[in-house]
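**Student:** with the input below, show me the fold.
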Amino acid sequence: MPRDATVEQAVGRYLGLLGDRHPSTARAYRWALANLRDAAGEEGLSHVLGSEVLAQWLVSPTGAGREPSAASVRQRATAARGLVRFATDARLLDAPTAQAALEALSRPATPAVVRDTAPARLLLARAEGRRPHGVSWHVWVRFRAHALTLADTGATERDLARACVTDLAADRTALVLDGTTHGLGEPARHAVGTWLSSREQLVATLQGSPPPQLWVRAHPSVHPRTGAVAAVGMPITARGLRKAFQDVVAALVDGDPRLGTCTVAHVRALAPVRTAARGEPATPARRPPTGPPEGADEPG
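**Tutor:** The predicted structure follows:
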């Protein structure tokens, strides 16, 4: 292969050598480098890896047109480092260009993902309005409480899914997530209060003691592989919360296309930056997950 190989040629050769890697690693590399190939396949490898094109690609939108998550940016950087090392060994890349590329791809230099919070602000404003067509009342109430809690805490769905009703202050002014106390504003307090009333109706349909989790299912779901059923009122998983959020946003897009790009990450970006405060009251230790069977995480 000529020294001035294109990105497409180099990526094709490198992906053909991934057979001895772990399947999950190989899939991740193929995803990232196929994206690079689509973005700059016909350009020279040295030009792309030795210029600002590489840094721009790291934070470019995904194939679905969404801003990449921080994890996606890191995965792209990891896969690109593998490509650089391969190209160097195969003499497709000179040492100075390879060094410049590795410096651009080093973890401290990975460009930060800056999210536009405008769609998230539009979403929160729309959440104060009427329930969209096709979304049940319980799902809508949970969505509003979820979105406003995200905006106040900046927490991940994993931490939110672990939250219990007892982690919520009696006056709903604060919520403990993963050992950290987060304050809730008036809109979130009101939305969470409405959700607690709705949640009480949902868990009343269960036999036995109600689950301790704050977020529960509004619809039953069936695991696609095992057939395990997660009933109404059972805890909803982190993935289920995120999928339910996306489904409601999709229903809202019919009334306002500007919401089409909004994700949980955009709403999370609205949260104020927290700093460790001295004398902050002690909070409960992290709990192990106590949700439904693994994989039963379709929206409910």
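**Student:** drop to CA atoms for contacts and neighbour counts, all remaining ones
**Tutor:** Noted.
**Student:** domains of the protein: list them as residue ranges, please.
**Tutor:** Structural domains assigned to the chain are 7-109, 118-268, following automatic domain parsing.
**Student:** let me have the ones you listed in a markdown table, extended by mean pLDDT, distance to Gly300 and mean neighbour count.
**Tutor:** Below are the domains of the chain laid out as a markdown table (pLDDT from 0 to 100; distance: least, CA to CA, whole Å; neighbours: other CA atoms under 10 Å):
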| stretch | mean pLDDT | distance to Gly300 | mean neighbour count |
| --- | --- | --- | --- |
| domain 7-109 | 85 | 24 | 17 |
| domain 118-268 | 91 | 4 | 18 |
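**Student:** I'd assumed Ala101 was in a helix, is it?
**Tutor:** Yes: assigned with DSSP: H, G, I helix; E, B strand; the rest coil, Ala101 falls within a helix.
**Student:** please verify my assumption that it contacts Leu49.
**Tutor:** Yes: look at Ala101 against Leu49 with CA atoms under 8 Å: they come within range, at 5.4 Å.
**Student:** spit out the residues that contact the two alike.
**Tutor:** Residues within reach of Ala101 and of Leu49 at once, by CA atoms under 8 Å, 6 or more residues apart in numbering, are Val84.
**Student:** between the two ends of stretch 212-228, what distance do you get?
**Tutor:** Chord length of stretch 212-228, first to last residue, is 21 Å (CA to CA, to the nearest Å).
**Student:** again with stretch 204-216
**Tutor:** Stretch 204-216 has its terminal residues 12 Å apart, counting by CA to CA.
**Student:** and Gly227, how far from Ala161?
**Tutor:** Gly227 sits 22 Å away from Ala161, taking CA to CA as the criterion.
**Student:** my bad, Gly179
**Tutor:** The separation that Gly179 has from Ala161, given CA to CA, amounts to 14 Å.
**Student:** could you give the bridge partners of Gly44?
**Tutor:** For Gly44, the beta-bridge partners under DSSP bridges are Thr6.
**Student:** that one against Gln9, yeah?
**Tutor:** No: counting by CA under 8 Å, Gly44 stays clear of Gln9, with 9.4 Å between them.
**Student:** quick one, strands of the stretch 201-300 of the chain?
**Tutor:** Using DSSP state E, counting those that start in this stretch, the strands of the stretch 201-300 of the chain run over 221-222, 229-230.
**Student:** distance to Arg242 for those strands - can I get that in a markdown table?
**Tutor:** Output for the strands of the stretch 201-300 of the chain, formatted as a markdown table (distance: least, CA to CA, whole Å):
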| stretch | distance to Arg242 |
| --- | --- |
| strand 221-222 | 15 |
| strand 229-230 | 17 |
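**Student:** of all the ones you listed, which one is nearest Gly255?
**Tutor:** Of all these, the one in closest proximity to Gly255, counting by CA to CA, is strand 221-222 (27.6 Å).
**Student:** and that closest one, what does it pack onto?
**Tutor:** Helices and strands touching strand 221-222, by 3 or more CA pairs under 8 Å, 6 or more residues apart in numbering; DSSP states H and E, are strand 229-230.
**Student:** quick one: strands adjacent to the strand it packs on?
**Tutor:** The strands that strand 229-230 pairs with in its sheet are strand 221-222 (antiparallel) (by DSSP bridges).
**Student:** may I ask you to name the longest helix in this protein?
**Tutor:** Counting residues, the longest helix in the chain under DSSP state H turns out to be helix 70-89.
**Student:** counting contacts, what elements does that helix pack onto?
**Tutor:** helix 7-15, helix 23-40, helix 52-58, helix 95-105.
**Student:** report the backbone C-alpha coordinates of the longest one in PDB.
**Tutor:** Translated: helix 23-40. Output of helix 23-40 as PDB, limited to C-alpha atoms (Å, rounded to 0.1, in the frame of the first residue of the first chain):
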ATOM      1  CA  PRO A  23     -15.800  -9.200  20.600                       C
ATOM      2  CA  SER A  24     -17.100  -6.200  22.500                       C
ATOM      3  CA  THR A  25     -13.800  -4.300  22.000                       C
ATOM      4  CA  ALA A  26     -13.800  -5.200  18.300                       C
ATOM      5  CA  ARG A  27     -17.400  -3.900  17.900                       C
ATOM      6  CA  ALA A  28     -16.500  -0.600  19.700                       C
ATOM      7  CA  TYR A  29     -13.500  -0.100  17.400                       C
ATOM      8  CA  ARG A  30     -15.500  -0.900  14.300                       C
ATOM      9  CA  TRP A  31     -18.200   1.600  15.400                       C
ATOM     10  CA  ALA A  32     -15.700   4.400  16.000                       C
ATOM     11  CA  LEU A  33     -13.500   3.900  13.000                       C
ATOM     12  CA  ALA A  34     -16.400   3.300  10.600                       C
ATOM     13  CA  ASN A  35     -17.500   6.800  11.700                       C
ATOM     14  CA  LEU A  36     -14.100   8.200  11.000                       C
ATOM     15  CA  ARG A  37     -14.100   6.500   7.600                       C
ATOM     16  CA  ASP A  38     -17.500   8.000   6.800                       C
ATOM     17  CA  ALA A  39     -16.300  11.400   7.800                       C
ATOM     18  CA  ALA A  40     -12.900  11.500   6.100                       C
END
